[in-house]
Every structure is written in C-alpha cells, then in structure tokens.
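*Asks:* below is the sequence, then the predicted model.
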Amino acid sequence: MRDVAVIGIGCTPFGEHWGSSFRDLFIQAGALALEDAGLSGEQIDALYVGNMSAGRFIDQEHIGALIADYSGLATRHIPATRVEAACASGGLSFRQAVIAVASGMEDVVVAAGVEKMTDVGTGASVDMLAGAADREWEGFVGATFPGLYAMIATDYMHRYPLTREQLAMVAVKNHFNGARNPIAQFRQEITVETVLRSPLVADPLRLFDCSPITDGAAAVVVAPLERAREFTDRFVRVRASAQASDTISLHDRADISRLDASVAAGRWALSDAGLTHRDIDLVEVHDCFTIAEICAIEDLGFCRKGEAGRLTEEGVTALDGDLPVNTSGGLKACGHPVGATGIKQICEVVQQLRGEAGKRQVPDAEIGMTHNVGGTGATVAVHILEVV
Amino acid sequence: MVGILTYGVYIPRYRIRVGEIARVWGGNAEDITGGLGVYEKSVPDMDEDTATIAVEAARHALARRKVDPEEIGAVYVGSESHPYAVKPTACTVGEAIGATPHMTAADFEFACKAGTAGIQTCMGLVQSGIVPVGLAIGSDVAQGAPGDALEYTAAAGGAAFLIGNDDPIAVINRTCSFTTDTPDFWRREGQDYPRHGGRFTGDPGYFRHVQGAAKLLLSQVGTSPGDYTYAVFHQPNAKFPRRVAQLLGFSDAQIRPGLVVPRLGNTYSGSTMVGLAATLDVASAGDRIFVTSFGSGAGSDSFDIQVTDAIESPDLFLRAAAPTVEELLKDPVYLDYAQYAKHKGKIVMQR
Amino acid sequence: MSVARFWRKIPQRYNLIGTRCETCGTYFFPPRSFCPACRREGKIVEHRFQGRGKVVTYTVIRSASEQFERLTPYILAIVQLDEGPRFTAQVVAEPGEIQIGTQVRSVFRRIGADGESGVIHYGTKFVPVR
C-alpha cells in the first residue's frame, strides 16, 4: 500500500446558481482543481464523482461517464465511477480515489463531488432528500430529513444538558467562519437571537439550525506521495481513510443520539494513523443540522457525550479555540450541495494545512480531520490529512 | 336465530357548532338550532375518510367479542362518500380486520340507508347458511354544499354490526322494507355536493317511507309501539324522528337514547346504525327495539330486535372493551369554519 | 409509490404484521426475514403486534414534502411497541399532548395518496391513550 497525497483542489462558490447547470458546475470545479495541481487533463488516470441524486434532481444517471465526457476526457477512455451514499457521497468518492492510488491500481485520480439541487422546487427537494433515510419506513409515513434530526435533538436534549442557546451557538460560529470563506453560500454573521427567532421547521429545529439547499461542485486530485513533487510542492499527505455503516433508519439505531458509524470510523481513522485526539488541529464535521455537529464532536471522541454544547459555548470549537470545528463555515454557512460537501471538506483542510486559508487560518495547522455523514448516520467517512 | 353478535362505533374528535356555520352564511343560529334540533356536528380529521371510519368501527366491534376474523364471510360497507367510485371500501375493511381472502364483499349505496341494507343482506347470507358471520357497516363523511341547509347537519361517523347465529346479543326477529322511486335527494355522478327537493323531502320522502316500512313491520310481527322498550329512526335532524315517532305512536322516552343527532349531526349511512348502537349501549336483556332507517331515492328498512341475555354475559360480550357512543361524543375539539372547510376539502387547491 | 410497492406492504401497514426470531426471541417491526443476531441459525416466524407502545422521541413537522403539506403541523415520533421493536409513525394529537414516554395506541388512518386520481395509501398512526 502506497502513501497518498492530495496535489490539487478546486471548489466552485456554493449557492443558488440559476445560470449554471450540473455540467457547468463540475467543469468549473474540475478546471480549478487541475489548475491548482498544475495538471493537464491527459494526466488523469481515473475519475470518481460523488453525487446523491442527479437521477431525481435532474433526471440524469450515468454521471461518471457524463463527467468524464464533459471534462474532455471521453477520448482517453479513463475509468469514471459515480459513488453514492447520500450526503456522504463526496467523502466516499475521496476514499475510493485514495484506495485506487494506495493500491497501485491508478496514479493520478480526480475525486469530485457535485450536486445541482435548484432545478426542482423546494417541496420536491425535501422529498428527494428524504431518500437519504428509509423511504419505506420513514419517508412513507411523513418523515422529513429535518424531522429525523429533530427527533435526535429531542432525545438528546431530554438526556443531556444541552440548552437551546448552546445549539444556536453552533450556527452562529459557523456563520462567523463562513463570512470569511469566499465560496460560502451565506457570508453574513448571525446572532443567537437570529437563530431563535427563525421559523420552526421541525421542533426544536428552526430554519437557522438547518443547512440550506445549494448548488455546487468541488474536486481534488490525488497521486502517490512518492510522485507528488512531479506536479506541485503544495501537497499534503492522506494520513488515514476510514468508512463505516449503520442501520438506515433512525428507529433501528442502538442509541438515537449517537451515530455509531461516526464512533467506528473516527476510532479506525485515528488508530490507522497512530494518532490521538490531541494531535488533531482542526476538524470539518457534518453539520447538516446544528445537533449533528454536537453529536459529531462527541461521537468522534473529542469529548464525552453531553459536553459538546458547553465546549461550543466556551469557544473551544471557535476559529481561535483549542479545537476549531468547521473553519469553512460548515454545511450551515457554506451550503450543502449534497455530493460536493465531502470534497469541499477535504479542500478546506488542505487549504488550512497549506496556510492558504486567509482570514480563517488556524495558526500552525499540521493535522486536520474531515467527517462526512450520509443520511441520519447510516454511512460515515472520516479522513485525516497532514502536512508533509 | 340470526342477530347481532357485536357492534362498534367510530366518531371523529372534531366538531363544528351550528352557530359557527350560521355566522359565515348570515344565518341565525337560534332559528336554525330551534328548527333542526341540532347544535353541532362531527367533522373528520384531515387523514380520516369513510374507509378509516369503517375500519375503526369494525375494530371496535371485534374488540367487544371474540370472533375469529376468518369466520367473517361477508363484508358490506354502505356510504355515499366512498373514497373510490370504483374499488370497494369493503375490501380495505376486510383486509384491515383480517377477514380476507375467504369472504364476499361489496359496497352499497342507498343514501342514508346503505348500511341497514347491508344488515339485511348479511341476515340472508347467515340465515341461509352461506356464511357463518357477516359484517355490515354504515359509514360516511357526508358533504353538504356550502351555504345550503344540509351543511348544518352533514356529519362524519360510522357503525359496524356483526351478524351471526351463535348467541347473538340481540336477535333480529324480522325485517322488511318499503321502497319506491322518489327523487327527494340525490347526487349526480361527478358532482361534489348533493341536491334535494326542499320541503318535498318531508312527506313524500322521509315520512311516507319510514311510516310505510314501520307499519308493514308492525303488522307482520303483530306488535304495536307500546310493545317496544326503545325505537330508533333515521335522524337527518331531531325534528323528523320526533315527529314520525309521534305519528306512529312511539314516545319521546322510547326514542331518547337513540337520538344522537343533536350533538353529532347526520352521519348519513351511519345515522340509524349509530342510533341503534347508542340504544344497545344502554339496553338490558329482554329489551325490545324497533328500528327504521330511511335512505333518499327512496326507501326504509325496518327491524324488530330483541336483546338477549348474551349482552350481559361478559364471557361472550364486553361492551366496555370499546367506546360507547356517549364516550365518543365526549371531549370534542371545536373547529372554526375555515378549519372545517380545510378538513372537508371544500377549499379549491392547486391540482 | 407504485401500486405493487404499496400493496406488498399492506399487511404491515394495516395490521402491524412483523416477524419474530424464535431462536433468540427478538421481535422485528418493520419485519426482517433475517435475524442480525442469529443469522442463518435464526428461525423467523410472522407476528402480529398489538399496537400499544410509547413515544421514545418525537418532533412536530411544520415544513413537509408536497404529499404531507396539508397535514402540517403534525407529530412524527419513534414509537416503541410493547413487544420491543421501534418504528417511525405519525401521532395524531395536539403538539402539547405528547412527551417522551407518552403511552400510545394504533389507529387506522389515511397516510397519503398517489395524487388526486391515484391509489389511496392507508396505514397506521398512533393516538395517545387517553
């Protein structure tokens, strides 16, 4: 097994891109990544793309081939594969690319993620996103995605000392960070009051507890570490890649407030890397809803169950805290083009490790972690990257 | 002896007051309640319809008596608001109570007497030995056109009766009917709301047929009104059943337990059947009950019913295992007209 | 949802027909035909659930998909049946009436429909035991 490096990154702005189609978005992201890596298209050996539901959002399947084609790579006939695990599609796309390179099967691989969500109405979107959960036994009876995470929040707040204000502070922090991120959908800072005055979506979650519907694409290029310098000297090393699964429906979980797939993937990633929690300088977690960030911090093992709210309130997870969480602005402020998020998280950590994060820079960042979740926790991908 | 093995009722929790409907249409609440004798009517929840009401009523009936669902060989649901024009409510009910697949089924329509027609059909099947047990249900989420007089009384509810031979809680001694082609009230295919002949619905409609069937039954059985403990008549309002009782020679006291329309409204196919259920809720062994339904179009079914000891035998029948009509009428949730219109699908939505 | 797909699950949706592993005694609703604990050693039989249980967690859905828009706000809960399994269902009640631990019983309701002219989907919801 070879060591793997990330040699280039690219991310479109995230937002409602009425003028951009699905194809426009990934071409833009792919071009940025290749530019950043100093590569030309002919140098790519394989392509993975994470996408949750082009089939429903734009009635288009066969995304791997489509992307290869529109990236101008059809004539080279490279293997192109679409990877899907709902909101973890991006994280899994990255992991597949890492495995392809680590195994020696491929050398230069693009891992992309893309989602075009605004070509359908909001009501239709809500229904499509429910496909990340159990359609037969959750969606059919009226469960929405926010509704499922709201049930986690109800259970969590019944058992642990999390206040409604502390939960709101997760969104406030992420908006603060997002305001310093040029690609974020939302660039305005907010207050706890903004969150608490926003309309209820599914009690207790309000509009500002929820990540939005977004268009966007992101791409990274991975290569064997031993060859990285052929392309660039701004590369970072992939220290660990882990993935775990759990029951598709929330009602089948062992503990409603604990994502066991996060626990497993987090533990495997750290142990494969030979690292402890204290070694991690920053972490991008999957805050599809504020409560998801609370659970993620705990389930990844950074603190005990019930403590993440207090850590947030105390500023431990802020940009200038001991463990900055979601320096990018998270899903909440960046937006959540489903398949692209996992790749965007990689882009953020790489920027931080390169010292290129501008106003969001975590000083002396050397090791970063990403955490990408599908559905209510049925799939989790965790990656650890480090400065070489 | 063929009779009622068990019965069950379902009434939705929501109500709207006659006064609230009157407020919207510029009517005088006191005049209307004074004229109709109805104060409020039941309204279905957003996720309730004739089928869900029929299933709940049937399940309530089965809760009161140990009946093997596989013995139920016939299911008939009478309604004028079946959810499908084609695809029987009776099939959904049969499936939901575990009676499928060895059963016959059909939906009936005969305005407000579709349910009692089902009882007669079950009696025939049971008496002839074709099926051991039959289930007859009258269930409706009746519609009245906005602003029309019927809107004050068109209500939602249903009752289910299991008909069989073995230890009935009430024997049905005799049934007969009086039926003619009379256009007193109707709804054409594809129309949202029924229409009616105004005052024509009275004497040529209700009174002619109820009295026709009632007198025929009394003469066939050789009884007179005084021989009965209770009487139940179809109740589109409180005035008609009181008046027909008087005309036939039944007293106010006899019809009182079965007269639920003041607080429930007219549940159409459920009307007489819910009235009978309310009467059985208070009846004792030995009580004799006279029942006559009415359905526009028009016809009436009459029944001579005798309550047996079985009604008081807890190892056969446990009334407390399901809610009584009084219990279902209790603790309602009141709606205003806008909410009522939303519940009844009267607001035109984007298709 | 297509007609066949809905029809296939009618026994589950109308009558809470699930399964039980006779080998280890675990109940499953929604039904599983393969016991995760016993795997090939598991002997699976059909089981009809009583429909009584309690609320484990819940929310009030105020923004729903097109199918359910007219019902909002409605309560969605994870209900634990007395026999053990947990599953997701609507609870018909006023938002203030439900808490974690509220006892509920099953009722037959209309879940949705395939548009104005399509098949109606009936199924099970819950109400608080009053």
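*Replies:* Received it, and whenever you're ready, just let me know what you need. Residues are numbered from 1 along each chain as shown, chains lettered A, B, ... in the order given.
*Asks:* contacts only, for the residue positioned nearest the centre of chain C.
*Replies:* With distances taken as C-alpha atoms, centre = their mean, the residue of chain C nearest its centroid is C:Ala89 (4.6 Å). Contacts for C:Ala89 (C-beta atoms under 8 Å, 6 or more residues apart in numbering or on different chains) come out as A:141, C:76-77, C:79, C:124-126. Using the backbone N, CA and C atoms, a C-beta is placed for each residue, glycine as well.
*Asks:* tell me the SS of it?
*Replies:* strand (DSSP: H, G, I helix; E, B strand; the rest coil).
*Asks:* measure it to C:Gly53 for me?
*Replies:* 9 Å (C-beta to C-beta, to the nearest Å).
*Asks:* rewinding a little: any quick PyMOL command for the buried ones out of the contacts of C:Ala89?
*Replies:* Typed into PyMOL, the line below selects the buried ones among the contacts of C:Ala89, using 16 or more other C-beta atoms under 10 Å in any protein chain shown:
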select buried, (chain A and resi 141) or (chain C and resi 76+77+79+124+125+126)
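*Asks:* which of the contacts of C:Ala89 fall within strands?
*Replies:* The members of the contacts of C:Ala89 that map onto strands under DSSP state E are C:76-77, C:79, C:124-126.
*Asks:* for the residue sitting furthest away from the middle of chain C, which non-adjacent residue is spatially closest?
*Replies:* The centre of chain C is farthest from one residue, C:Glu41, which by C-alpha atoms, centre = their mean lies 27.5 Å away. Residue nearest to C:Glu41 in three dimensions, not counting chain neighbours: C:Thr23, with 5.7 Å by C-beta to C-beta, 6 or more residues apart in numbering or on different chains.
*Asks:* hey, what's C:Tyr58 bridged with?
*Replies:* For C:Tyr58, the beta-bridge partners are C:Ala77 (DSSP bridges).
*Asks:* contacts only, for it.
*Replies:* A:151, A:154, C:75-78, C:91, C:98, C:100.
*Asks:* ok, for residue 99, nearest residue in space, not its chain neighbours?
*Replies:* In the absence of a named chain, this looks at chain A. A:Ile99 sits nearest to A:Ser241 (C-beta to C-beta, 6+ apart), 7.3 Å away.
*Asks:* try again with chain C
*Replies:* In space, C:Gln99 is closest to C:Val55, 7.0 Å off (C-beta to C-beta, 6+ apart).
*Asks:* could you give the number of residues near the one you found?
*Replies:* 23 (other C-beta atoms under 10 Å in any protein chain shown).
*Asks:* which non-adjacent residue is nearest A:Pro204?
*Replies:* A:Ala153 (5.5 Å).
*Asks:* if we can go back for a sec, what pLDDT does the residue farthest from the centre of chain C get?
*Replies:* C:Glu41 carries a pLDDT value of 93.
*Asks:* could I get the contacts of C:Ala89 as CSV with pLDDT and distance to C:His47?
*Replies:* Putting those into CSV (pLDDT from 0 to 100; distance: C-beta to C-beta, whole Å) gives the following:
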residue, pLDDT, distance to C:His47
A:Val141, 96, 20
C:Leu76, 98, 25
C:Ala77, 98, 22
C:Val79, 98, 16
C:Thr124, 98, 15
C:Lys125, 98, 20
C:Phe126, 98, 19
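*Asks:* max pairwise distance over the contacts of C:Ala89: which two?
*Replies:* C:Leu76 and C:Thr124 (13.5 Å; C-beta to C-beta).
*Asks:* are we agreed that the residue nearest to A:Pro204 is in a helix?
*Replies:* Yes. Residue state for A:Ala153 (three-state DSSP) corresponds to a helix.
*Asks:* look up the pLDDT of it for me, please.
*Replies:* As predicted, A:Ala153 sits at a pLDDT of 98.
*Asks:* same question, A:Leu32
*Replies:* In this model, A:Leu32 carries a pLDDT of 95.
*Asks:* how far does the helix or strand containing it sit from the chain's center?
*Replies:* Assigned by DSSP states H and E, A:Leu32 belongs to helix A:22-37. When distances are taken as C-alpha atoms, centre = their mean, to the nearest Å, helix A:22-37 is centred 18 Å away from the chain's centroid.
*Asks:* what helices or strands is that helix leaning on?
*Replies:* With contacts taken as 3 or more C-beta pairs under 8 Å, 6 or more residues apart in numbering or on different chains; DSSP states H and E, helix A:22-37 sits against strand A:4-11, helix A:63-70, strand A:109-115, strand A:216-224.
*Asks:* strand partners (parallel or antiparallel) of the shortest one?
*Replies:* For strand A:109-115, the paired strands and their directions (DSSP bridges) read strand A:46-50 (parallel), strand A:216-224 (antiparallel).
*Asks:* of all those, which one comes closest to A:Ser257?
*Replies:* strand A:46-50 (27.0 Å).
*Asks:* can you list contacts of the closest one?
*Replies:* Here strand A:46-50 has contacts from A:26, A:63-64, A:67-68, A:71, A:73, A:78-85, A:88-94, A:96-97, A:100, A:106, A:108-114, A:339-340, A:342-343, using C-beta under 8 Å, 6+ apart.
*Asks:* can you list the residues of chain A near chain C?
*Replies:* Counting by C-beta under 8 Å from any C-beta of the partner chain, chain A comes close to chain C at A:123-124, A:126-127, A:130, A:134, A:136-138, A:140-144, A:146-147, A:150-155, A:158, A:199-205, A:249-252, A:256.
*Asks:* could I have the buried ones of those residues as ChimeraX selection syntax?
*Replies:* To isolate the buried ones among those in ChimeraX, judged by 16+ other C-beta under 10 Å, type:
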select /A:126,127,130,134,136,137,138,140,141,142,143,144,146,147,150,151,152,153,154,155,200,201,202,203,204,205,249,250,251,252,256
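*Asks:* find the nearest non-adjacent residue to residue 29, please.
*Replies:* You didn't pick a chain, so chain A it is. Spatially, and ignoring its direct neighbours in sequence, A:Ala29 is nearest to A:Ala217 (3.7 Å; C-beta to C-beta, 6+ apart).
*Asks:* chain B was what I was after
*Replies:* B:Ala29's closest residue in space is B:Gly19 (C-beta to C-beta, 6+ apart), at 3.6 Å.
*Asks:* would you double-check that that neighbour falls in a helix?
*Replies:* Yes. With three-state DSSP as the criterion, B:Gly19 is part of a helix.
*Asks:* pLDDT score assigned to it?
*Replies:* 95.
*Asks:* am I right that it is in contact with B:Trp25?
*Replies:* No. The pair B:Gly19 / B:Trp25 is not scored as a contact, 11.3 Å apart, by C-beta atoms under 8 Å.
*Asks:* ok, for the residue in the stretch 1-150 of chain A positioned nearest to chain B, nearest residue in space, not its chain neighbours?
*Replies:* Residue nearest to chain B within the stretch 1-150 of chain A: A:Gly142 (9.8 Å; C-beta to the nearest C-beta). Using C-beta to C-beta, 6+ apart and skipping residues adjacent in sequence, the residue nearest A:Gly142 is C:Phe68, 4.7 Å away.
*Asks:* what sits against the one you found?
*Replies:* C:Phe68 is in contact with A:142, C:61, C:74, C:112, counting by C-beta under 8 Å, 6+ apart.
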